[in-house]
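A.B. asks: What would the 3D arrangement of this be:
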Amino acid sequence: SPVAVRSSATAEDLPHASFAGQQDTYLNVVGEEAVLDAVRRCWASLWTDRAVAYRAVNGVDHRAVRLAVVIQGMVYSEVAGVMFTANPVTGRRREAVIDAGPGLGEAVVSGSVNPDRFVVDMATGRITGRRLGDKLLAVRPLPYGGVEHVGLGDGTKPACLTDTQVRALAALGGRVEEHYGSPQDTEWAIDADGRLWLTQSRPITTLFPVPESAAARAEGGPRVYFSFSVAQGVYAPFTPMGVSAVRLISSSVSALAGNPVADVTAGAPQLTEAAGRLFLDVTGVMRGRAGRMVVPRLLDVMEARSAVVLRGLFDDPRFGVTRRSVLPALRRVLRIARRFHVPANVMRAVLNPEATRVRLERLRTRLR
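C.D. replies: Take a look at the predicted model:
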C-alpha cells in the first residue's frame, strides 16, 4: 500500500533551533523498489547544501548527527495542514493557530498555498479568529505513486474546515501539548471519512520564554507578572550588569518591607528574568486588599496601561482576595516611616524648606 517516507534526524527540533524541512520527505511512494530508493534519498538528504549550511550556522557537529527514516502509511487527506498550540506570532500560550488547505498537507507546509487560518482559545473552544485564504492550489496523490499539483480556480471558495472540525483539532492539540509538556507545532490530516489524523508533532522553539519567579515555584498555580522592563521604557534586553543591579535593589526593598532575602544577589523571590527582560510577580498584590487599593493607583501615575490590565483581573476567581485585612500592610508602612523619621522630616520640610534643600544637597554630594 502507498506510504510516506520521512526523515527524522537527531539534530531536528533542538531547544534552540528547528531543523524542520532540512531533510527530505517523499509522499505516496508505491512499490518495494520505490520505497528503498526513497529511503536512500532520505539518508542522503542529511548532506544537502542547505542541511550542512544550517548545521554550520547553528554550531551542530556534522559528525554527531544521525538520521532515521520513518515509513508511514499514507493518509489520503481531503483537508490537511499545520497547528500550533501556542500563537507563534504573539507568544500567547493555549491559543491554537490552525492553517488548513485542501488535499495533502504538503501544500500548506511548503508554503505553496495561501491557507485558511483559524485561531482558537483552547481553554474554552471558542474560535476567536477566522481568515479564509484563496486556496488556489492542492497537492493530490497520483494512482501509481507520486503527487501532482492541481489548480483550484479563482480563489472564491468556502472554508475547508467546519467549526466542529476546528474545535476538534484544538482539543487534539491540547492533548498533544499535555503529553509532551510543552507547546507543539503539529501536522494533521482529515481523510474522506472525516477521521482526524495526527501525522507529526515537534516542540515550538521560537516562543518568548514564560517568566517563572521563585515565588511561583514555591506556591504554584496561575500567576500575574508585571513587566518591570516596559515600565522603565526599556524594550531591549537588560545587560547582565543591569539585571544584577535590579536584583540587589529588589533585595533591599524586600528587606525594608520586613522580608529579608537569604541571597541578596539572587534578588527578591517576586523578581524574575526572561530573555533579558525583568518581571515582577504581582500575584500577591492581587490577593491582598491593601495591594488592590494601592498598587493600581500608583500605576495610574507611572504605567496607566498596566493599571487597566490589573483592574481587569480583579474579577478573575483565580486571583481572589485571600488577605482581607489592611492592618498588616499599614503596620509595615508605619514601621518604615518611623525607621526613617518620615514624620519629623516632613515637619522640618514644611517649617523650614530652605534648610531641607541644603540638607538634601549635602546628601547628594556625599552619595556622589
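A.B. asks: Which parts of the stretch 251-368 of the chain are helices?
C.D. replies: 283-287, 289-302, 304-312, 327-339, 342-351, 353-367 (DSSP state H, counting those that start in this stretch).
A.B. asks: Any chance of JSON lines for the ones you listed, columns mean pLDDT?
C.D. replies: As requested, the helices of the stretch 251-368 of the chain are exported to JSON lines (pLDDT from 0 to 100):
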{"stretch": "helix 283-287", "mean pLDDT": "90"}
{"stretch": "helix 289-302", "mean pLDDT": "90"}
{"stretch": "helix 304-312", "mean pLDDT": "90"}
{"stretch": "helix 327-339", "mean pLDDT": "89"}
{"stretch": "helix 342-351", "mean pLDDT": "92"}
{"stretch": "helix 353-367", "mean pLDDT": "93"}
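A.B. asks: ranking those by burial, who's on top?
C.D. replies: Stretch with highest mean neighbour count among the helices of the stretch 251-368 of the chain: helix 283-287 (a mean of 19; mean count of other Cβ atoms under 10 Å). For the C-beta atoms, the positions are set from N, CA and C on the backbone; glycine is no exception.
A.B. asks: from the chain's centre, how far out does that one sit?
C.D. replies: 23 Å (Cα atoms, centre = their mean, to the nearest Å).
A.B. asks: One more: stretch 184-194?
C.D. replies: Relative to its chain's centre, stretch 184-194 lies at 23 Å (Cα atoms, centre = their mean).
A.B. asks: again, but for stretch 118-131
C.D. replies: Worked out by Cα atoms, centre = their mean, stretch 118-131 lies 17 Å from the chain centre.
A.B. asks: how about the CA coordinates for it, as PDB?
C.D. replies: Below are the C-alpha coordinates for stretch 118-131, written out as PDB (Å, rounded to 0.1, in the frame of the first residue of the first chain):
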ATOM      1  CA  PHE A 118      -8.300  29.800  12.500                       C
ATOM      2  CA  VAL A 119      -7.400  30.900  16.000                       C
ATOM      3  CA  VAL A 120      -8.900  29.000  18.900                       C
ATOM      4  CA  ASP A 121      -9.000  29.600  22.700                       C
ATOM      5  CA  MET A 122      -8.000  26.100  23.800                       C
ATOM      6  CA  ALA A 123      -9.500  26.600  27.300                       C
ATOM      7  CA  THR A 124     -13.000  27.300  26.000                       C
ATOM      8  CA  GLY A 125     -13.000  26.000  22.400                       C
ATOM      9  CA  ARG A 126     -14.100  29.500  21.300                       C
ATOM     10  CA  ILE A 127     -13.000  30.400  17.700                       C
ATOM     11  CA  THR A 128     -11.500  33.900  18.200                       C
ATOM     12  CA  GLY A 129     -10.100  34.400  14.700                       C
ATOM     13  CA  ARG A 130     -11.000  33.300  11.200                       C
ATOM     14  CA  ARG A 131      -9.300  34.300   7.900                       C
END
